[in-house]
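Colleague: whatever this is, show me its structure:
(one chain, ligands or ions: 1)
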Amino acid sequence: MFTLINLPYALDALSPVISARTLEFHHGKHLQAYVDNLNKLIAGTDLEDKSLEEIIVATAPHSDPSSPSLPAPTGNLIFNNAGQILNHELYFLQFAPHPSCPAPTGHLKSQIEKQWSTLDAFKTDFESKGVGLFGSGWVWLQANAEGELSIGQYPNADNPVAHGLKPILTFDVWEHAYYLDYQNRRAAHLKALWEIVDWEVVEERYIK
Ligand code: MN
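Modeller: Numbering: from 1, shown residues only. The predicted structure is shown next:
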């Protein structure tokens, strides 16, 4: 059984970047629904005791579709709900009202500067790939086994884990993430999100 994660900050703590009302719906309604859906879908299957990452790898659209207990429509539903839980957990847990670490340090800082020259150049690239993602999805900073970084644009619930990559940082570009606060202004929302990114959390994901 999966349960809804607790937010490590108050509902109004990320305002005005993310309002209490957006968080109330995004965490309390959207994420809760993905948790409830996944629990129903995997009840009684061999996925019941697996981790989110294992479920995502097992049901990814490009994985072996021959598992007899998981006909395609169910497998896709499981993938979408498990993906959305993991994506939202990584998303919500990377934010802090007053980040103790407002910029990357250590290995992550060096790697970003090696590949993008400056943090600002990376941010601009990341924002533009988030803005350029058509429809609903997620923009990610992801790493391969050698520690090389790339920016991934994935539709719907897809994520780096389904592609054998390590998820480092993510911005949710589904409209439910920003519409109450920014309406159609996705670019302005993505730019504002940097104010609440806790780079200590992000760096830990990169080096672990
Ligand atoms: Mn979302």
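Colleague: make it CA atoms for all contacts and neighbour counts henceforth
Modeller: Will do.
Colleague: tell me the pLDDT at the spatially most central residue of the chain?
Modeller: Note on the chain: the residue nearest the mean C-alpha position is N87, at 3.2 Å, using Cα atoms, centre = their mean. Per-residue confidence at N87 stands at 98 (pLDDT).
Colleague: distance between the least confident helix or strand in the chain by mean pLDDT and the chain's centre?
Modeller: When the helices and strands of the chain are scored by mean pLDDT, DSSP states H and E, helix 72-93 comes last with a mean of 92. Using Cα atoms, centre = their mean, to the nearest Å, the distance from the centre of helix 72-93 to the centre of the chain it belongs to is 10 Å.
Colleague: ok, residues contacting that helix?
Modeller: 5, 7-8, 31, 34-35, 37-38, 41-42, 52-53, 55-56, 59-61, 65, 156-159, 169-172, 201 (Cα atoms under 8 Å, 6 or more residues apart in numbering).
Colleague: one more pass at 7 Å, please.
Modeller: 31, 34-35, 37-38, 41, 52, 55-56, 59-61, 157-159, 170-171 (Cα atoms under 7 Å, 6 or more residues apart in numbering).
Colleague: helices of this protein, start to end?
Modeller: For the chain, the helices defined by DSSP state H occupy 20-25, 32-42, 52-59, 72-93, 106-116, 119-131, 179-182, 186-193, 199-207.
Colleague: mean confidence score for the second one?
Modeller: Helix 32-42 carries an average pLDDT of 97.
Colleague: and that helix, what does it pack onto?
Modeller: Where contact means 3 or more Cα pairs under 7 Å, 6 or more residues apart in numbering; DSSP states H and E, helix 32-42 is packed against helix 72-93.
Colleague: CA atoms only: put the helix it packs on into PDB for me.
Modeller: Provided in PDB are the C-alpha atoms of helix 72-93 (Å, rounded to 0.1, in the frame of the first residue of the first chain):
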ATOM      1  CA  ALA A  72      -1.600  -3.600 -21.800                       C
ATOM      2  CA  PRO A  73      -4.400  -1.300 -20.700                       C
ATOM      3  CA  THR A  74      -3.900  -2.200 -17.000                       C
ATOM      4  CA  GLY A  75      -0.100  -2.000 -17.400                       C
ATOM      5  CA  ASN A  76      -0.400   1.500 -18.900                       C
ATOM      6  CA  LEU A  77      -2.700   2.700 -16.100                       C
ATOM      7  CA  ILE A  78      -0.300   1.300 -13.500                       C
ATOM      8  CA  PHE A  79       2.600   3.000 -15.200                       C
ATOM      9  CA  ASN A  80       0.800   6.300 -15.300                       C
ATOM     10  CA  ASN A  81      -0.200   6.300 -11.700                       C
ATOM     11  CA  ALA A  82       3.100   4.900 -10.300                       C
ATOM     12  CA  GLY A  83       5.000   7.400 -12.500                       C
ATOM     13  CA  GLN A  84       2.900  10.300 -11.300                       C
ATOM     14  CA  ILE A  85       3.400   9.400  -7.600                       C
ATOM     15  CA  LEU A  86       7.200   9.200  -8.000                       C
ATOM     16  CA  ASN A  87       7.300  12.400 -10.100                       C
ATOM     17  CA  HIS A  88       5.200  14.300  -7.500                       C
ATOM     18  CA  GLU A  89       7.200  13.000  -4.600                       C
ATOM     19  CA  LEU A  90      10.500  14.200  -6.200                       C
ATOM     20  CA  TYR A  91       8.800  17.500  -7.100                       C
ATOM     21  CA  PHE A  92       7.300  18.400  -3.800                       C
ATOM     22  CA  LEU A  93      10.300  17.200  -1.700                       C
END
